[in-house]
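Engineer: Following is a predicted model, sequence given first.
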Amino acid sequence: MLPVIDYETGRCVRPCVLLLGYFDGVHVGHRRLISRAKEEAAARGLCVGIMTFYGGKSGRQIFDFSERLYLFESLGIDFVYAARFDEAFRVTEGQTSGCLFAGPIIPMVAERRGMLNLCATMQQSAA
C-alpha cells in the first residue's frame, strides 16, 4: 500500500524528488513528468513522491483521491504527501529544498510568492 503523509499531521522527512500538482487526471503530461522525476530520483539515489491535494474541486476531479493513489502506486511513486486545498493552504508560505518537478501552472501561482525564477528553473529541468 502506498504510504500517505498528511500535510497537517506529518512531514516528509527523507530526501526525495517531489512532484507537486493536483494530478486529478493523471494524463499523458502528468505521466511524462512522473517519468522524468523517476529518472532524476534514480540518478540522485532518492525516492520519488507526489504532493497532491484532496478537496478543493467540489467533486469535479476526473479521478478521486483513492483512485489517484492507485494510479500513483502503479506508476512507481514511493509515497504521497497530501494536503487539503483550502484558503488556509492557499496562503501558506512555501519552503523549497532538494528537487521539485512541477507542471506549467506552478510558476504562475508561485509568482505571487516571489518564486518564479526558482520554479522556472525546476520546470526547465523537467523538460
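Structural biologist: Arrived safely, thanks for sending.
Engineer: which residue packs closest to residue 2, ignoring adjacent ones?
Structural biologist: For residue 2, ignoring the flanking residues on the chain, the nearest one in space by CB to CB, 6 or more residues apart in numbering is residue 73 at 4.2 Å. To be clear about C-beta, it is placed using only N, CA and C from the backbone, and glycine gets the same treatment.
Engineer: Settle this for me: that neighbour is touching residue 26, isn't it.
Structural biologist: No: Residue 73 lies out of contact with residue 26 (CB atoms under 8 Å); the separation is 11.5 Å.
Engineer: just to revisit the earlier point, could you give the number of residues near the residue nearest to residue 2?
Structural biologist: 15 (other CB atoms under 10 Å).
Engineer: Helix or strand for it, just tell me which one.
Structural biologist: helix 65-74 (DSSP states H and E).
Engineer: Same question for residue 60.
Structural biologist: Per DSSP H and E, there is no helix or strand for residue 60.
Engineer: quick one: contacts for residue 3?
Structural biologist: 78, 79, 80 (CB atoms under 8 Å, 6 or more residues apart in numbering).
Engineer: same question, residue 75
Structural biologist: 26, 31, 34.
Engineer: quick one: which of those residues is nearest to residue 62?
Structural biologist: residue 26 (8.0 Å; CB to CB).
Engineer: distance of that closest one from residue 74?
Structural biologist: For residue 26, the distance to residue 74 (CB to CB, to the nearest Å) stands at 10 Å.
Engineer: ok, back up a step: just the buried residues of the contacts of residue 75.
Structural biologist: Among the contacts of residue 75, those buried by neighbour count (16 or more other CB atoms under 10 Å) are 26, 34.
Engineer: Can I get the contacts of residue 75 in TSV including distance to residue 91, secondary structure and pLDDT?
Structural biologist: TSV is the format used below for the contacts of residue 75 (distance: CB to CB, whole Å; DSSP: H, G, I helix; E, B strand; the rest coil; pLDDT from 0 to 100):
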residue	distance to residue 91	secondary structure	pLDDT
26	27	coil	86
31	31	helix	91
34	28	helix	92
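Engineer: Can you add distance to residue 18 and give the contacts of residue 75 back as TSV?
Structural biologist: Shown next, in TSV, are the contacts of residue 75 (distance: CB to CB, whole Å):
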residue	distance to residue 18
26	16
31	17
34	12
